[in-house]
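Enquirer: Here is my input; please provide its structure:
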Amino acid sequence: MNGPCPPLSHTLKHIFSATAPQCESLLYRCATTAKCLATTKKLHAHTITSGILSNHFLSLLTSAYGLCGQMEYACRLFDELPKRTPVACKAIIRMYTENGYPRSALELFVEMHGSSCYWADDYTYPFVVRACGDSLLLELGMVIHGLIVKSGFVSGIFVGNSLLAMYMTCGDRDGARRVFDAMKDKTVVSWNTMISGYFRNGSAKEALMVFRRMVNSELEFDSATVLSVLPALQNALLDMYVKCGRMDEARGVFDGMVEKDVVTWTTVIHGYILNADVKGALELCRLMQFEALIDLYAKCSSFRLSLKVFSRTSKKRTVPWNSILSGCIHNNLAGEAIELFKQMLLEAVKLNDATWKSLLPAYAIEADLHQAMNIHSYLIRSGFLSKPDIVTGLIDIYSKVWKSTICS
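Expert: Next comes the predicted model:
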């Protein structure tokens, strides 16, 4: 179930006798801050039966359903709007972006640009910019960056951080650096985006330089900062072991890394070649191809192909399992993800932080108290509950369980 219902249990009992202003007030809360599908559906039914379903109410309902991630309902209402409003357009763009349909979000934004429904604010631009990054459309992202500057929203911290992420995702490190240097107010998220972005683009040295600047700025960093800078240090450690001919130690570091970039794979493969271990180099090349294909097919909604490639890999390696789990969530297959996790336990696959990052959203979607308590117990026994990201994921599960109980 989706999000917390408004704390209006006494009001909901009389929802079908609510006046138009009362419905509007409730709908506005559901459309902006309070995710609750049950409340939204009741209000939708009341607006129909009472004959007050105007264009304004349809816009608010579109936004409320969009906030709950109910794409079918939101899109249907959006198409039924006699006149599209900024409220409805913003909601649909956000929903498309957050649910993995960035190109649809961009198509709507381009369609609305120049029309009577066009708007520009620092709430919607971050989603539009993120959609450009998710679609790897750098040129369009640069055009939208220009629109942001022209409209005067470039100083907004959320807009700035979204621009940083977009440029880094599209591989334009110079563009990201220019945005970063121009930002007057930098948050921890801004610094973390630059550090992780440099690392993902194979610039470990620059990532460490930004981290050093962050430390010198006396800004207090968080666990995400450490996780962002750690891969750069791991690559440096890999390089040292390879140059010293200590391939067993290098492989140990490599296998323990949660995220691997091109530099990581290349360093170890090159190390095997330098040490005349052709078999090791070819094995790692094959493994890299398999893991990349599994991840690619899973993200492109070709889940059957992803499973087919997965069936040909070593079932003891953690990374392919993590990719499949992530693919399940991406394709709205929470139940399948949980079944795969049970199989991982039977196969004695080593779990890591990335495993839980991929798996916990599945339990949140299921919103089952018994499952939540079981996974909580397992996390305590296995020692993973000390990780902030995992604690956050567990809290989200219990939150969804509570919301499901309240909204049902």
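Enquirer: so where's the stretch 51-200 of the chain shaky on pLDDT?
Expert: Scanning the stretch 51-200 of the chain for pLDDT under 70 picks out 52-53, 116-118.
Enquirer: burial count for Gln70?
Expert: By other CB atoms under 10 Å, 19 other residues sit near Gln70. Just so you know, the C-beta spots here come from the backbone N, C-alpha and C atoms, and that holds for glycine as well.
Enquirer: where does Pro4 land on pLDDT?
Expert: Here the pLDDT value assigned to Pro4 is 46.
Enquirer: One more: Tyr28?
Expert: Value for Tyr28, per-residue pLDDT: 66.
Enquirer: Also Arg213?
Expert: Arg213 carries a pLDDT value of 91.
Enquirer: Can you tell me how far it is from Ser190?
Expert: Per CB to CB, to the nearest Å, Arg213 is found 12 Å from Ser190.
Enquirer: which of the two has more neighbours?
Expert: Neighbour tally, Arg213 and Ser190, criterion other CB under 10 Å: the higher count belongs to Ser190, 20 against 14.
Enquirer: which residues sit in contact with the closest residue to the more buried one other than its chain neighbours?
Expert: Closest residue to Ser190 apart from its sequence neighbours, by CB to CB, 6 or more residues apart in numbering: Asn161 at 5.6 Å. Contact analysis of Asn161 by CB atoms under 8 Å, 6 or more residues apart in numbering lists Pro126, Thr187, Val189, Ser190, Thr193.
Enquirer: just checking, the last one touches Tyr167?
Expert: No: with contacts counted by CB atoms under 8 Å, Thr193 stays clear of Tyr167, the gap being 9.5 Å.
Enquirer: circling back to that earlier point, which phi and psi does the residue nearest to Ser190 have?
Expert: Dihedral angles of Asn161 (phi, psi; degrees, to the nearest 10) stand at phi -70, psi -40.
Enquirer: what sits up against stretch 95-115?
Expert: In contact with stretch 95-115 (CB under 8 Å, 6+ apart) are residues 66-67, 69, 71, 74, 84, 89, 92-94, 118-119, 124, 127-128, 130-135, 137, 140, 144, 330.
Enquirer: what about 7 Å?
Expert: Defining contact as CB atoms under 7 Å, 6 or more residues apart in numbering, one finds that stretch 95-115 is touched by 66, 69, 71, 74, 89, 92-93, 118, 127-128, 130-132, 134-135, 140, 330.
Enquirer: Stretch 181-200 too?
Expert: 155, 157, 160-161, 164-165, 168, 173, 176, 180, 206-207, 210-211, 214, 219, 221-222, 224-225, 228-229, 231-232, 261.
Enquirer: Need the buried ones from those selected in ChimeraX.
Expert: Selection of buried members from these for ChimeraX, criterion 16 or more other CB atoms under 10 Å:
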select :157,160,161,164,165,168,173,176,180,206,207,210,211,214,221,224,225,228,229,231,232,261
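Enquirer: Among the contacts of stretch 181-200, which ones are in helices?
Expert: Among the contacts of stretch 181-200, the members falling in helices (DSSP state H) are 157, 160-161, 164-165, 168, 173, 176, 180, 206-207, 210-211, 214, 224-225, 228-229, 231-232.
Enquirer: The strand or helix carrying Trp402 - what's its average pLDDT?
Expert: For Trp402, the element it lies in under DSSP states H and E is helix 388-407. Helix 388-407 shows a mean pLDDT of 76 in the predicted model.
Enquirer: Excluding its own residues, what touches that helix? List them.
Expert: 1, 3-5, 36-38, 223, 353, 356-357, 360, 363-364, 367, 369, 372, 376, 379, 384-385.
Enquirer: And it, how far out from the chain middle?
Expert: With CA atoms, centre = their mean, to the nearest Å as the basis, helix 388-407 stands 17 Å off its chain's centre.
Enquirer: just the CA coordinates of it, formatted as PDB?
Expert: Output in PDB follows, covering the C-alpha atoms of helix 388-407 (Å, rounded to 0.1, in the frame of the first residue of the first chain):
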ATOM      1  CA  PRO A 388      22.500   3.000   8.100                       C
ATOM      2  CA  ASP A 389      21.100   2.300   4.600                       C
ATOM      3  CA  ILE A 390      19.900  -1.100   5.700                       C
ATOM      4  CA  VAL A 391      18.300   0.400   8.900                       C
ATOM      5  CA  THR A 392      16.500   2.900   6.700                       C
ATOM      6  CA  GLY A 393      15.300   0.100   4.400                       C
ATOM      7  CA  LEU A 394      13.900  -1.800   7.400                       C
ATOM      8  CA  ILE A 395      12.200   1.300   8.700                       C
ATOM      9  CA  ASP A 396      10.600   1.700   5.300                       C
ATOM     10  CA  ILE A 397       9.300  -1.900   5.400                       C
ATOM     11  CA  TYR A 398       7.600  -1.400   8.800                       C
ATOM     12  CA  SER A 399       6.300   2.000   7.700                       C
ATOM     13  CA  LYS A 400       4.600   0.400   4.600                       C
ATOM     14  CA  VAL A 401       3.200  -2.400   6.900                       C
ATOM     15  CA  TRP A 402       1.700   0.300   9.200                       C
ATOM     16  CA  LYS A 403       0.300   2.300   6.300                       C
ATOM     17  CA  SER A 404      -1.200  -0.800   4.800                       C
ATOM     18  CA  THR A 405      -2.900  -1.600   8.000                       C
ATOM     19  CA  ILE A 406      -4.300   2.000   8.400                       C
ATOM     20  CA  CYS A 407      -5.400   2.300   4.800                       C
END
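Enquirer: Having no further points to raise, I will conclude here.
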